[in-house]
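**Student:** show me the folded form of this:
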Amino acid sequence: MKTFVPFHKIAKQKVTIVDGLHPHNLCLSHWKGANNLDTIAADTSGEIVLNAVEKSYPGIENNLVSATHFDIDGFVGVFSLFYPDVALQFKQELMAMARIGDFRELRQHNKIDDLALKLCCWINKVEREKFYRPFGSKDEIELCVEKFDYFLPVFSDVLQRIDDYSDDWKEEYEMVLNSLKDFHSKAEYKNIGLVKKNYSKPSHYYALYSDTVGFDIVLSSYPENKHELEYKYTTWIDLASRLNLPRVDLKPLAEKLNTMETSKRIWQVDSISDTGPILRLESKQLSKADRYANPYEREIFSSSIAAEVFENEVVSYLELAFRNILPKKNWTWSEMRALNS
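**Tutor:** Numbers count the residues shown, from 1 in each chain. Next up, the predicted model:
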């Protein structure tokens with residue numbers, strides 16, 4: 001039997017940490033500096049835990065488990081430690097859940113991802129209604145315990161009888177499918193890890209990022225010169241499956257765009273250390289919860305900069321920034337800060 005220990009109460013206990021960092025305990029995590037356990041390394045923390053369970057990795061026998069926050073990827077990992085037999089039976093589906101939840105990368109026309117999508121949508125709705133939306137509380141380390149206490153004992157049944165819970169996943173699930181149909185076209189810039197996607201209206205992230213595997217920056221474009229440029233979470237963690245480029249600061253690009261912008265709004269962007277920095281036209285500073293929410297849930301303003309011009313400015317800036325940088329694995333924060341200085 002496992003027990004979930006609040007992260008702030010670990011003290012000197014021997015605890016398995018999921019999707020986070022701790023200096024004195026086993027960390028099954030893709031956070032920078034932690035994804036270095038060669039035999040079980042993977043792109044998501046959930047898959048790292050599943051690999052550890054499958055291989056009986058030393059340390060997972062600990063009775064105590066903890067995490068710094070609740071999200072789908074971290075929950076997959078914690079659940080897999082609590083219910084290893086069920087987790088291994090549904091390993092592929094749980095791996096897909098972790099990928100969709102953290103990277104928002106949905107494989108279309110795939111039965112495994114279809115079930116994983118339903119499970120993600122179920123968690124999303126129940127989390128919002130019974131607790132609070134992601135980044136909706138400043139006391140996540142303490143309050144996430146209630147989420148784990150609720151979801152852990154009920155999830156096995158949901159996993160095995162998902163159709164019985166359709167009232168809680170159907171609406172968002174169908175929204176994702178409709179967003180996938182709304183996709184118009186895309187352009188790929190592999191040399192800078194950028195993909196541009198055109199939609200008729202702001203979509204759901206699971207649709208927006210659905211075919212962006214292998215890319216780390218997404219430029220979304222909508223009618224009336226509405227644009228957003230965003231780093232994917234794949235550049236915040238250490239990927240095990242591929243090389244990638246580091247994050248470069250987009251603030252100089254925002255400054256350049258502001259010299260071109262004639263509307264009354266301002267181009268702003270988050271720091272490189274944010275989980276998902278967004279360059280967007282603002283009327284006021286968005287909260288972290290609003291930035292994490294789906295594009296259709298926040299207002300995207302029309303720019304005076306035409307779509308083609310905006311795209312050219314973005315591509316030119318990134319090509320210049322990356323001109324002497326080669327992709328590699330495991331960029332550290334200190335390396336990225338040094339590059340940006």
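**Student:** where does the prediction get shaky in the stretch 51-200 of the chain?
**Tutor:** Along the stretch 51-200 of the chain, no part satisfies pLDDT under 70.
**Student:** can you give me the helices for it?
**Tutor:** 72-82, 84-89, 91-103, 111-130, 140-160, 170-182 (DSSP state H, counting those that start in this stretch).
**Student:** the fifth one packs against which elements?
**Tutor:** Translated: helix 140-160. Contact partners of helix 140-160 among helices and strands, from 3 or more CB pairs under 8 Å, 6 or more residues apart in numbering; DSSP states H and E: strand 3-4, helix 72-82, helix 84-89, helix 111-130. (C-beta placed from N, C-alpha, C; glycine too.)
**Student:** list the contacts for the spatially most central residue of the chain?
**Tutor:** With distances taken as CA atoms, centre = their mean, Asp102 lies nearest the centre of the chain, 3.1 Å away. By CB atoms under 8 Å, 6 or more residues apart in numbering, Asp102 lies in contact with Thr44, Ser45, Gly46, Asp71, Ile72, Asp73, Tyr233.
**Student:** excluding chain neighbours, what is closest to it?
**Tutor:** Asp73 (4.1 Å; CB to CB, 6 or more residues apart in numbering).
**Student:** picking that back up, please identify the deepest-packed of the helices and strands packed on helix 140-160.
**Tutor:** helix 72-82 (a mean of 27; mean count of other CB atoms under 10 Å).
**Student:** which strands and helices sit next to that helix?
**Tutor:** strand 15-18, helix 45-54, strand 64-66, helix 91-103, helix 111-130, helix 140-160.
**Student:** wait, which of the ones you listed is closest to Val213?
**Tutor:** Closest of these to Val213 is helix 91-103, at 8.3 Å (criterion: CB to CB).
**Student:** list the buried ones in the closest one?
**Tutor:** Lys91, Glu93, Leu94, Met95, Ala96, Met97, Ala98, Arg99, Ile100, Gly101, Asp102, Phe103 (16 or more other CB atoms under 10 Å).
**Student:** which residues are in contact with the closest residue in space to Leu243 that isn't next to it in sequence?
**Tutor:** Sequence neighbours aside, Pro327 is the residue nearest to Leu243 in space, at 3.9 Å (criterion: CB to CB, 6+ apart). Under the criterion of CB under 8 Å, 6+ apart, the neighbours of Pro327 are Gly193, Leu243, Asn244, Leu245.
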